[in-house]
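Trainee: Any chance you can model this:
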Amino acid sequence: MFKWLRDIHRSKVRAQPFRHDAILEKNVPYVAKLAPEERAELKGHILVFLDEKNFEGAGGLEMTDEIRVTIAAQACLLLLHRDTDYYPGLLSIIVYPSTYVAKRHEGLLEKDHALLGESHAFDRVVVAWDAAKQGAKNFHDAHNVVLHEFAHQLDYEDGLYDGTPQLPNRTAIRTWAKVFSAEFKELSEHGDSVLDSYGAENSAEFFAVATEAFFEKPVQLRQKHPELYAQLVSYFKQDPAERLTR
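Mentor: Residues are numbered from 1 along each chain as shown. So this is what the prediction gives:
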């Protein structure tokens, strides 16, 4: 019953007028590369995302529509063409003006770390606004804090933080594991010109880094890592390389 009511509410939200085109045009130029039907779908997703998620300013940042829409547009790009529940465990997006400091345990010690973003299991994502805005405007360098942190949220959806998001069946999981394991090993041992070296930290970071490259350097990723690219096309139901070359 709850799902039925939620789906009706979401349909009503998606049908509302979209009043943020100026923000997308200014801050997220990549949206213009989408086909008309994709842009319409994305705008509907943005409206639902804004309706359901709580945005909080931190470090003195005052929350604005510009911040909310710019971040939501990038997060919702990962949802196009897929049966989505809009990051179901995610409650809040916390936004700092710039690089912020968070404490991390290293063995028995607790140390300060300067961060641009982080994703906590299900409940919240934290990002630096200047990095999120720059990532949205510069959509071709394979560095995008919003895509990276929301890829982690997708990774969490099956209950594990392991670089394998929720996949349809065991065959898909086995194929994904085979391809991603080989690509992770290659990056760890030899580095790469397309995939950021941070992806060699662990399998979860590899998926997040691969997601950044998939959307921001798709032609290069398809050329150099065709099997990895094919897996991401299958999962995201998008082909960014074709989008950029059509």
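Trainee: And this protein, split by domain according to the record?
Mentor: The record's domain parsing of the chain by automatic domain parsing lists 1-139, 158-246.
Trainee: Could you dump the ones you listed into TSV with mean pLDDT, distance to residue 146 and mean neighbour count added?
Mentor: All C-beta atoms are positioned from the backbone trio N, CA, C, and that covers glycine. TSV is the format used below for the domains of the chain (pLDDT from 0 to 100; distance: least, CB to CB, whole Å; neighbours: other CB atoms under 10 Å):
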stretch	mean pLDDT	distance to residue 146	mean neighbour count
domain 1-139	93	4	16
domain 158-246	96	10	17
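Trainee: residue nearest the centroid of the chain?
Mentor: residue 147 (2.9 Å; CA atoms, centre = their mean).
Trainee: and it, what pLDDT?
Mentor: For residue 147, the pLDDT comes out at 98.
Trainee: What helix or strand is it located in?
Mentor: Residue 147 belongs to helix 145-156 when assigned by DSSP states H and E.
Trainee: For the residue nearest to the centre of the chain, which residues are in contact?
Mentor: 74, 77-78, 135, 208, 211-212, 215-216 (CB atoms under 8 Å, 6 or more residues apart in numbering).
Trainee: Leaving out the residues flanking it, which one is nearest to it?
Mentor: residue 212 (5.2 Å; CB to CB, 6 or more residues apart in numbering).
Trainee: how far is whatever helix or strand that neighbour lives in from where the chain is centred?
Mentor: Element membership of residue 212, judged by DSSP H and E, is helix 203-216. Put simply, helix 203-216 sits 9 Å off its chain's centre (CA atoms, centre = their mean, to the nearest Å).
Trainee: sorry, back to before: can you redo the domains of the chain as CSV with distance to residue 151?
Mentor: Listed next are those as CSV, based on distance: least, CB to CB, whole Å:
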stretch, distance to residue 151
domain 1-139, 7
domain 158-246, 4
